[in-house]
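S.K.: Return a 3D structure for these sequence lines:
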Amino acid sequence: MTRPDDALRALERSLEDFELDSRWRGLHLVEFDLRGDLNPSRMLNSLFFDGGQLPGFADFCDAYVAQHFQAVGAMYWRLLELDPVKDAQTRERMMGRYAYQRFSDYLTANATDADLEQSLRARLYRTLAGIYTEYHAYFMTLNLLDPQRVSRSIEADQKGIDFTVSLHARVFNIHVSIDSESAFSALRAKIQTKRVAEADGVHVILPYGIHGRLPESTRKVGRGFHIFRESYIMGLIVAMQYYSGPDTVLLYQPASLSPFSSEEV
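M.R.: All right, here's what the predicted structure looks like:
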C-alpha cells in the first residue's frame, strides 16, 4: 500500500506539469448538472484511485469527449427545448440553482457541435483543476493525521463532500472551494439542493486563494498550478481539534480571532 507521504509527493510532481490556459474562460454553454456516468469526477476517480493514473488536461478531455459528448449534446438540446417560463423549474433542476441563475442566458439555438465541444472542454478544464486541488488537500490531510481518521468516497464527492475527518468523536465534512463569493454561493446552493447538510457531522468550507485574501493558503509549482501549503492545512486541523460548537456549516477563516464562522444555507 502506498504511504500517504509518497502519494502526496507523487501528486505534487504530477501537478507541476499542469499548464494553466486562459482560453477556456468565458465559455458557458455546458453548465448543466452532469450526473451519474456523465459526472467528470466519476471518470477521474476511476482513473486515479482505481487505475493509478493522473491524466493531463488534454488526455482527460479527449477521453471524456470521445465517451460522453453525444450524451452531453443531447442534454443541451433537451434543455433548450424547455420553455424558459413554463418549464423554469425543470430547467433549474437540470442546471442547478446557481448555474441556472448565472448561465441560463448563455443557452442559444445557434450553437454548433464545435461550440458545444469547446464549452465542454472549458467546463472540464475548470473541473479538472478544481478536483486536483481537492485531491491535494485530501492527501496532505492524510499525511498530517492518522490515515484512519481521513476518508473519502465517490458517493460523498458527488454530493460536494471532498473528504471527511474524524477527530475526538466529531465528524468534519470538508468542502474545498476557491475563495470567492460566487464559489461560496455555488457551494451553498449545492448543499441545499443535494441535501448535503443532512449528512452527519460539521460541514467545513475550506477556501483557498492565489491572490487577494488568502495568498498564504497555496504555493505555485511547475507551470503555474497552485497547491496547498502544509501550514494552512495544519491550521485547519488544529481549528477542528478545538471546535466545540454544534453540527452546522462553517467557513474556515484562518486570519480571524475565531477560525470558523457559521454559514447560512
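
S.K.: alpha carbons only for contacts and neighbour counts from here, please
M.R.: Will do.

S.K.: unless I'm mixing things up, residue 214 is touching residue 179, no?
M.R.: Yes: judged on Cα atoms under 8 Å, residue 214 makes contact with residue 179 at a distance of 7.5 Å.

S.K.: overlap in contacts of those two?
M.R.: Residues touching both residue 214 and residue 179 by Cα atoms under 8 Å, 6 or more residues apart in numbering: residue 208.

S.K.: Helices along the chain, start to end?
M.R.: 4-15, 40-45, 57-81, 88-95, 97-103, 113-144, 154-157, 181-193, 230-242 (DSSP state H).

S.K.: So what's the gap between the first one and the chain middle?
M.R.: To tie it back to what came earlier, the one meant is helix 4-15. Centroid displacement of helix 4-15 relative to its chain, using Cα atoms, centre = their mean, to the nearest Å, is 19 Å.

S.K.: how about low-confidence regions in the protein?
M.R.: Scanning the chain for pLDDT under 70 picks out 1-4, 97-98, 100-101, 192-198, 212, 255-257, 262-265.

S.K.: Give me the sheet partners of the longest strand along it and which way each runs.
M.R.: The longest strand of the chain (DSSP state E) is strand 170-178. Paired with strand 170-178 in the same sheet, following DSSP bridges, are strand 163-167 (antiparallel), strand 202-208 (parallel).

S.K.: got the contact list for that strand?
M.R.: By Cα under 8 Å, 6+ apart, strand 170-178 touches 133-134, 137, 160-166, 183-184, 187, 200-209, 240.

S.K.: returning to that earlier point: mean neighbour count and distance to residue 261 for the helices of the chain - can I get that in a markdown table?
M.R.: Output for the helices of the chain, formatted as a markdown table (neighbours: other Cα atoms under 10 Å; distance: least, Cα to Cα, whole Å):
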| stretch | mean neighbour count | distance to residue 261 |
| --- | --- | --- |
| helix 4-15 | 16 | 29 |
| helix 40-45 | 18 | 29 |
| helix 57-81 | 15 | 35 |
| helix 88-95 | 17 | 29 |
| helix 97-103 | 17 | 22 |
| helix 113-144 | 19 | 20 |
| helix 154-157 | 15 | 23 |
| helix 181-193 | 16 | 13 |
| helix 230-242 | 15 | 12 |
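
S.K.: The ones you listed: which one's closest to residue 21?
M.R.: Of all the helices of the chain, helix 113-144 sits nearest to residue 21, with 8.7 Å by Cα to Cα.

S.K.: Kindly calculate the angle that the closest one makes with strand 202-208.
M.R.: Using axes from the mean of the first three to the mean of the last three Cα atoms, to 10 degrees, one finds that helix 113-144 and strand 202-208 are set 110 degrees apart in direction.

S.K.: I'm done for today, thanks for sticking with me.
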